[in-house]
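>>> Turn this into a model:
(chains A and B)
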Amino acid sequence: MTGTPRKKWTGYGSIYTLPLVAWFTLFFLVPLLVIVLFSFLEADIDGGVLPRFSAAAFAGLAKPRILRLFFNTIWVSVASTAITIVMALPCAYYMARARNKTMLLILVIIPFWTNFIIRVFAWKSILESNGVVNSALMGLGIVSNPLPLEHNWIAVIVINVYTFLTYAILPLFSTIEKFDFTLLEAARDLGATKLQAVFKVLLPNVRAGIVTAVFFTFIPLLGSFVVQQLIGTKDMYMLGNEINDNIYKYFDWPSAYALAVVLMMLANVGLVFVMRSDRRQAKVLGARRVDDTDEDGEAGSGGAG
Amino acid sequence: MKGATIDIRGISKAFGSFTALNDVSLDIRKGEFFSLLGPSGCGKTTLLRIIGGFEEPDRGAVEIDGRDVLPLPPNMRFANTVFQNYALFPHLSVYENVAFPLRLKGTRRKSLDELVMYYLRLVELDAHAAKMPSMLSGGQKQRVAIARALINQPSVLLLDEPLSALDAKLRHHMLMELDAIHDKVGITFVYVTHDQSEALSVSDRIAVMDHGDVLQVGAPREIYESPSTSFVAQFIGETNMIDGIIESAGGRWYVVDSSGIGRVAVSDPRGYRVGDRVTLTIRPERLRIMPRGQQAPAEANVFEGRVDESVYSGFHSKYYVRVAGDRVLRVFRQHGEQDEGEDIAWNDSVRVSWSPRDAHIVGGPGK
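Got it, this is the predicted structure:
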């Protein structure tokens, strides 16, 4: 019977997100904790762990062989990501400005209807010594012996780029599509060359898309192992291969988990770094946004004039 | 360099089967405020984009200060553009937006700062230098765009419907400001608009365009008072149109409207001969209206009618008067100027008259 209206409960948000929170807790957070926990336990001889604390798995990482794997992982991931982004940018730009966007989008996505492993094997049949390329070159008499197209760094990086091109193109496309292309005309009008317009106006404004594309490419690459295993050699193994071997070959779970933990930290360092510089930018852009209909400034100067 | 001449000669441009510009020629004078006026799709923006270097004509030449600019990219022409939606760089502050052209040229820091602040003061935005474009109102964004386009000290400023995104009151204010800026910097302004009142109020000269053709070029008064075609007459302000055939009797000239009001006296046949089919235009404010009982003025054209509708709008009233043959004439009467003493209301019997001097022949019907 009181006159004051009861304050409306507005906590629906937490109810709506409950399924997602439960899902992530069960299938992401818990396994993550298990991984961290197991990495500090002792390995059982036929896989699994013994409930005894041990830092041996981490100590074992300080071997020259593992350090080489780190080195391989980082440079191959960085190089593959860089090439992917450089190739995806013009492609996404063209798609965003094209008239038949949907068709081009479908063309980019179609190859991904095929299983990843099968696509890697397809590359193998192209690159191997009696593969498509070598057969053609020898058939035409251009070379007499097959070229060593397989089992080298270039092959690994080429297939990495091929694999992740779509993941880079899609976020870039959706960002560039929202870009106001008159800004490029304005830049040209104000004295910029075509290249300056791209670097000083287009790229800073599609930065969010580039960051997303880098994440989508770089982070999965850090843990990749299939391409090296099928196309590369043992010298090209990366941390992903070592984790795989630890589990399936050596039954050394703690070492696999310790590597996974380090890999995750590696990825997170990059993530935090990028997000921090992003937030700095957002602070400048977002602060004290004025409503577009607010013409106070106009009224003031109008009165003076 | 203060202002440049722009010679446009025989420019044609088609987009597929659509003809945007059809053999357009214009001479724009040094330091002039020149407007391209026409309805949407008339080719005015295409012409502006050709001058700016964003579109290539199929035929013709554009010379700025006697120099052929068509082979030059936009960044090499002495023209800068104010875009319809401002086109401010969202990742740069107001200051950096205006400084953008100078940074490209590598201007030294001290003179860069002086120039940027000078142009920001010119558009009264020096206090907002540190803001991002997203924090500005529409009118402020517009002024940043103007400052940015002026800082390279171009000899030509191209404005593509720069006020169309603003509300009516602000538009008028910005228009006056544009005019003041034009007076201050003294360079050639080419102003694209579909709004006849904007064009009339600030332009030195106007080119009226329709369907890729320039119909008339002239000072605002000339365009308004003696339109060359019926399209120009109708597009610029309101008008009365009377179709008829030229006649001559007793040394006087008449246009005879067979379907409507009959003989209308004109002062000058403008080169037309007896028997020619022509269209006559008379501006509504040139018509006089009075109650029927009142003494008719000693003018050639006096018609009796009945008020179909009267619209009061403050400083003036509009009357729609039905005269003989179901023809409705529009009459505007300014309040305060003529002191008729009594009000004219709906359904009143009235007389409408005008001087033959105020009727202009604008060519044959449908022209």
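>>> Alongside chain A, which residues does chain B contribute?
For chain B, the residues in contact with chain A (CB under 8 Å from any CB of the partner chain) are B:52-54, B:73-75, B:80-81, B:83, B:85, B:87-91, B:93, B:100-101, B:104-105, B:124, B:128, B:132, B:134-140, B:148-149, B:152, B:167, B:170, B:173, B:176-177. From N, CA and C alone the C-beta is placed, and that goes for glycine too.
>>> Just the buried residues of those.
Buried members of the residues of chain B next to chain A, scored by 16 or more other CB atoms under 10 Å in any protein chain shown, are B:52-54, B:74-75, B:80-81, B:83, B:85, B:87-91, B:93, B:100-101, B:104, B:124, B:128, B:132, B:135-140, B:148-149, B:152, B:170, B:173, B:177.
>>> Spatially, which residue comes closest to the residue of the stretch 51-200 of chain A found nearest chain B, not counting chain neighbours?
Nearest to chain B in the stretch 51-200 of chain A, going by CB to the nearest CB, is A:Ala186, at a distance of 3.8 Å. Residue nearest to A:Ala186 in three dimensions, not counting chain neighbours: B:Ala87, with 3.8 Å by CB to CB, 6 or more residues apart in numbering or on different chains.
>>> Tell me the strands beside the strand of greatest length in chain A, with direction?
For chain A, the strand with the greatest residue count under DSSP state E is strand A:49-53. Next to strand A:49-53 in the sheet, as set by DSSP bridges, lie strand A:41-43 (antiparallel).
>>> And the spatially most central residue of chain A, how close does it get to A:Thr166?
Most central in chain A under CA atoms, centre = their mean is A:Phe216, positioned 2.1 Å from the mean C-alpha point. Taking CB to CB, to the nearest Å as the measure, A:Phe216 falls 9 Å from A:Thr166.
>>> and if you look at B:Leu163?
Taking CB to CB, one finds B:Leu163 at 44 Å from A:Thr166.
>>> Neighbour count: the two, which is higher?
B:Leu163 (24 against 16; other CB atoms under 10 Å in any protein chain shown).
>>> thinking again about what came up before, next, the residue of the stretch 51-200 of chain A closest to chain B: secondary structure please.
helix (DSSP: H, G, I helix; E, B strand; the rest coil).
>>> re the thing from before, so which of the residues of chain B next to chain A are in helices?
B:52, B:100-101, B:104-105, B:138-140, B:148-149, B:170, B:173, B:176-177 (DSSP state H).
>>> residue contacts, the residue nearest to B:Ile6 when sequence neighbours are not counted?
Leaving aside its chain neighbours, B:Ile6 sits nearest to B:Ile28 (4.0 Å; criterion: CB to CB, 6+ apart). By CB atoms under 8 Å, 6 or more residues apart in numbering or on different chains, the contact set of B:Ile28 is B:Thr5, B:Ile6, B:Asp7, B:Ile8, B:Phe34, B:Thr188, B:Val190.
>>> partners of the last one in the sheet?
Read that as B:Val190. Beta-bridge partners, per DSSP bridges, of B:Val190: B:Phe34, B:Leu158.
>>> Show me where the stretch 201-350 of chain B has its helices.
B:220-225, B:230-235 (DSSP state H, counting those that start in this stretch).
>>> who wins for proximity to A:Lys200 among these?
helix B:220-225 (40.6 Å; CB to CB).
>>> Contacts made by the closest one with the rest, please.
For helix B:220-225, contacts defined as CB under 8 Å, 6+ apart pick out B:199-201, B:203, B:205-206, B:208, B:216, B:232, B:236-237, B:283, B:360.
>>> now do stretch A:40-57
A:Phe38, A:Ser39, A:Phe58, A:Ile247, A:Phe251, A:Asp252, A:Trp253, A:Pro254, A:Ser255, A:Tyr257, A:Ala258.
>>> Same question for stretch B:64-82.
Contacts of stretch B:64-82 (CB under 8 Å, 6+ apart): A:185-186, A:188-193, B:1, B:4-7, B:48, B:51-54, B:56-57, B:61-63, B:142, B:145-146, B:149-150, B:152, B:154-160, B:162.
>>> So which of these belong to strands?
Those of the contacts of stretch B:64-82 lying in strands (DSSP E): B:Ile6, B:Asp7, B:Ala61, B:Val62, B:Glu63, B:Val156, B:Leu157, B:Leu158, B:Leu159, B:Asp160.
>>> Report the contact partners of the fourth one.
What that stands for is B:Val62. B:Ile6, B:Asp7, B:Ile8, B:Arg9, B:Ile11, B:Ile50, B:Ile51, B:Asp68, B:Val69, B:Leu70.
>>> Need the three-state assignment for the last one.
Okay, so that is B:Leu70. Quick answer, by three-state DSSP: B:Leu70 is coil.
>>> burial measure for it, as a count.
15.
>>> which residue packs closest to A:Val206, ignoring adjacent ones?
Closest to A:Val206 by CB to CB, 6+ apart is A:Thr175, at 4.6 Å.
>>> in which helix or strand would I find the one you found?
In this assignment (DSSP states H and E), A:Thr175 forms part of helix A:153-178.
>>> average pLDDT across that helix?
The pLDDT scores in helix A:153-178 average 94.
>>> Report the buried residues of that helix.
Applying 16+ other CB under 10 Å to helix A:153-178 flags A:153, A:155-176 as buried.
>>> lowest confidence element among the helices and strands of the chain?
Picking chain A for this. The weakest-scoring helix or strand in chain A, judged by mean pLDDT, DSSP states H and E, is helix A:296-304 (a mean of 36).
>>> Wait, chain B was what I had in mind.
strand B:252-257 (a mean of 80).
>>> contacting residues around it?
B:242-248, B:262-269, B:278, B:280, B:300, B:325, B:327, B:359, B:361.
>>> beta partners of B:Ala359?
Beta-bridge pairing for B:Ala359 (DSSP bridges): B:Ile282.
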